[in-house]
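Visitor: Would you be able to build a 3D model of this:
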Amino acid sequence: MSSDSFKFSNAVVLAPLVAVLSIWIVFWVEVKFGINLNDYGVYPRRISGLKGVFFSPFIHGSIAHLYNNTIPLAVLTAFLFYFYQNAALRVLVFGTLVSGLLTWVIARPSYHIGASGVIYLLASFIFFKGILAKHYRLVALSLIVVFIYGSMIWYIFPVKDGISWEGHLAGFATGLVLAFITKVRVPEVRKYDWEREDYKEEEDPFLQHFDEDGNFIETVTEEPEEQIEIKYHYKKSTEE
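Guide: Got it, this is the predicted structure:
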């Protein structure tokens, strides 16, 4: 069992902060200098469009697009770095690149931008890894993710125009695969003596006070008899 499992670290705060600041700074630069960086998004099956694998998560088309991605990105990144510390950076970086490449392969001919693919990657990984790990805290985390972001599942299908459902699907699929192949340190669930495989009832000091019907057995302990020792003191007479 790892002693640092589920332990707060600076990365739990720094990672979400860096992620959020990066997408907001890029958007501020676009507005401040009047430039459009959409050409740095993923453009499928075009060599020049591969640069979007690296840059597209930082680019957003509007303030509403940016805002909708900010809170989920911060929350899910914090979850990842708190509950999966040893694998968090690997999942985030490698998963982002793989989902970007998958988007490049399957998506429609258009520029695909935004951090939503990363959000689907994180949500998918956290949910499926928690179920596979079978640790009660991680399963609870999976249920929380479903409760908060479960409605996102519809957007991996082409249900709405103007969104990159292909990017969502790529992120979701990548997170699912990473949940199966990524090894994480999961703390061992503490077991009581009676839950262990080598437990024997007859050797339990507590159960020895009860009979087979569950009745308490009174044990009378005989106190050892006290031995009274009498000492006589003689005083010699000074008279002759």
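
Visitor: middle-most residue in this protein, spatially?
Guide: The residue lying closest to the centre of the chain (CA atoms, centre = their mean) is Phe83, at 3.3 Å.

Visitor: and it, how far is that from Leu76?
Guide: Note on Phe83: its distance to Leu76, by CB to CB, to the nearest Å, is 11 Å. Where you see a C-beta, it was placed from the backbone N, CA and C, and this is true even at glycine.

Visitor: What of Tyr155?
Guide: Relative to Leu76, Tyr155 is positioned 15 Å away (criterion: CB to CB).

Visitor: Distance from the chain centre to the lengthiest helix in the chain, please.
Guide: Of all segments of type helix in the chain, defined using DSSP state H, the longest is helix 11-33. Taking the mean C-alpha point of helix 11-33 and that of its whole chain, the gap between them comes to 23 Å (CA atoms, centre = their mean, to the nearest Å).

Visitor: Tell me the helices and strands packed up against that helix.
Guide: Under the contact definition 3 or more CB pairs under 8 Å, 6 or more residues apart in numbering; DSSP states H and E, helix 11-33 sits against helix 63-83, helix 88-106.

Visitor: between the ones you listed, which gets nearest to Ser151?
Guide: Taking CB to CB, helix 63-83 is the member of the helices and strands packed on helix 11-33 nearest to Ser151, at 11.4 Å.

Visitor: now the angle from the closest one to helix 88-106?
Guide: For helix 63-83 against helix 88-106, the angle between stretch directions is 140 degrees (axes from the mean of the first three to the mean of the last three CA atoms, to 10 degrees).

Visitor: Run through who's touching helix 63-83.
Guide: For helix 63-83, the external contacting residues (CB atoms under 8 Å, 6 or more residues apart in numbering) are 6, 8-9, 11-13, 15-17, 19-20, 23-24, 27, 60, 88, 91-92, 114-116, 118-119, 122-123, 125-126, 130, 137-138, 141, 145, 148-149.
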